[in-house]
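Asks: what follows is a predicted protein model with its sequence.
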Amino acid sequence: MKEPPGPGSVAWRVNREAALLLGGGRALLMQIGHPKVAAGVAEHSDFQRDPLARLNRTLELSLALSFGTAAEIRSAARQINRVHERVAGDDYSALAPDLLLWVHATLIDSAILTYRTFVAPLSPAEADDYYQQTKRVGSLLGIPHPHFPRRFADFQAYLEAMLAGPVQPDATGRRLAAAVLRPPIRRVPPFLFLPARVITAGLLPERLRDAYGLGWGRTDRALFAAARSIIPRLVAAAPQGLRVVPRARLAERGRAS
């Protein structure tokens with residue numbers, strides 16, 4: 001396996017930002033917008049009962065894929081692939097290349113959009129570099145190379161085609177989305193989830209936001225605009241210990257030594 005992208009790569013620069021967590025809800029809602037993905041999640045995981053635990057497991061493995069050594073990356077990919085082997089139903093399989101590509105694509109697109117929205121600009125050339133660097137991980141997760149759109153512009157066209165075609169949330173997807181937006185955590189007042197809901201709704205493509213029935217009135221738009229203004233300033237002023245995810249800091253120290 002080729003050496004993973006290092007600190008000088010666009011992938012490293014983007015994925016090291018803790019602010020990318022703000023796009024986690026968006027990525028999940030895009031994934032379960034595909035009815036076959038939603039069916040697999042609903043029938044083979046505890047997502048609806050404990051969505052935060054699943055998000056935490058996904059985040060842990062994603063960080064290993066981004067900042068691990070070659071051996072750690074292979075190990076994380078094997079763990080993910082073993083889980084996917086058990087996820088199959090009447091008309092879906094988590095090993096199907098088209099479903100693997102869609103899930104992978106939601107993570108790429110959400111990372112780029114969240115970085116651009118809350119961290120810093122990313123040029124078209126940098127976005128293409130990031131996309132090319134993510135293909136390596138996608139291949140480890142079972143996506144055949146011919147399935148990848150060639151360039152970032154082709155990738156964007158693929159996303160548009162998916163959102164206009166098979167990605168249409170059904171009742172299962174909408175039920176799972178409710179668990180993402182309002183996790184079933186006891187003794188936590190619903191209003192505390194409002195900021196996350198507004199950010200998730202603001203980052204979602206309009207077509208999906210409407211399909212999930214998420215309100216987007218004047219107050220929602222004003223709150224999202226405020227977040228777009230304030231969060232980048234907070235990110236720029238934050239010390240590295242808060243701004244950079246611990247796994248990236250650990251990897252950077254290892255490379256430096």
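Replies: Perfect, thanks for sending it.
Asks: what segments of the stretch 151-257 of the chain are helices?
Replies: In the stretch 151-257 of the chain, the segments counted as helices under DSSP state H, counting those that start in this stretch are 152-164, 171-181, 194-203, 206-211, 218-237, 240-243, 246-256.
Asks: of all these, which lies closest to W12?
Replies: Ranking those by their distance to W12 (criterion: Cβ to Cβ) puts helix 246-256 first, at 7.3 Å. The C-beta positions use only the backbone N, C-alpha and C, and glycine is treated the same way.
Asks: adding distance to S139 and mean neighbour count as columns, could you present the helices of the stretch 151-257 of the chain in TSV?
Replies: Shown next, in TSV, are these (distance: least, Cβ to Cβ, whole Å; neighbours: other Cβ atoms under 10 Å):
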stretch	distance to S139	mean neighbour count
helix 152-164	15	15
helix 171-181	27	19
helix 194-203	27	20
helix 206-211	27	16
helix 218-237	31	13
helix 240-243	30	12
helix 246-256	21	14
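Asks: out of those helices, which gets nearest to S45?
Replies: Closest among the helices of the stretch 151-257 of the chain, using Cβ to Cβ: helix 171-181, at 9.7 Å.
Asks: ok, back up a step: comparing the helices of the stretch 151-257 of the chain, which gets the lowest mean pLDDT score?
Replies: Mean pLDDT per stretch puts helix 246-256 lowest among those, at a mean of 83.
Asks: measure how far that one is from the centre of its chain, please.
Replies: What separates the centre of helix 246-256 from the centre of its chain is 22 Å, taken as Cα atoms, centre = their mean, to the nearest Å.
Asks: nearest residue to the middle of this protein?
Replies: Among the residues of the chain, L107 comes closest to the average C-alpha position under Cα atoms, centre = their mean, at 3.2 Å.
Asks: which non-adjacent residue is nearest K135?
Replies: In space, K135 comes closest to F148 once its chain neighbours are excluded; the distance is 5.3 Å by Cβ to Cβ, 6 or more residues apart in numbering.
Asks: on that earlier part again, ok, the residue nearest to the centre of the chain - contacts?
Replies: Counting by Cβ atoms under 8 Å, 6 or more residues apart in numbering, L107 touches 27, 62.
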